[in-house]
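Colleague: Attaching a predicted model along with its sequence, questions to come.
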Amino acid sequence: MSTNPLIRLARFLFFAVVVRAAILGGLGLTVRNRARLPKDGPAVLAANHNSNLDALALMSLMALKLLPKLRPVAAVDYFFTSKAKGWFVTNIIGIIPVERGSAKKGGNPLAACEEALDRCEILVLFPEGTRGEPEKL
């Protein structure tokens, strides 16, 4: 995550104003059992994946003070198709990029996730690895 105060402010404003308005207001997200959400890290939020908004929806449920610790995990091949998109998802969304298939090459695709958990961050992870159909695992 960036230590640049302007980037941190932009990230905060993006989530506090844009994401929360869209997800909580526009989509009318309903939250049940909010008390079960982690109040601190390390933690892993695992969910099914039906939309590109899933990570933002989960992140919008968390207290804004946790924003610096929230790290969605996402595929490099999808989110790093341009420099601008890569910069945005890294600095504003805060993703941890995962290279699909790197385990077959002898790498550990989750090494950055392990490091994030060691820093007491909260991962937003989709174990299916890609978007699926609603109501189907």
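Modeller: Happy to help now that I have it.
Colleague: switch to C-alpha atoms for all contacts and neighbour counts from now on
Modeller: OK.
Colleague: Report pLDDT for the residue nearest to the spatial centre of the chain.
Modeller: What sits nearest the mean C-alpha location of the chain, by Cα atoms, centre = their mean, is Pro72, with 2.0 Å. Each residue has a pLDDT score; the one for Pro72 is 94.
Colleague: Repeat that for the one 10 residues further on.
Modeller: At Ser82 the predicted local confidence, pLDDT, stands at 93.
Colleague: How many residues are close by it?
Modeller: Counted with other Cα atoms under 10 Å, the burial measure for Ser82 works out to 9 neighbours.
Colleague: Now do the strands in this structure.
Modeller: Remark: strands of the chain, listed N- to C-terminal, are 43-46, 70-75, 96-98, 122-125; assignment by DSSP state E.
Colleague: Now distance to Lys85 too, for these, in JSON lines please.
Modeller: What follows is these, written out as JSON lines (distance: least, Cα to Cα, whole Å):
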{"stretch": "strand 43-46", "distance to Lys85": "24"}
{"stretch": "strand 70-75", "distance to Lys85": "13"}
{"stretch": "strand 96-98", "distance to Lys85": "12"}
{"stretch": "strand 122-125", "distance to Lys85": "19"}
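Colleague: follow-up on the earlier one: I'd guessed the residue nearest to the centre of the chain sits against Val124; true?
Modeller: Yes. The pair Pro72 / Val124 is scored as a contact, 4.2 Å apart, by Cα atoms under 8 Å.
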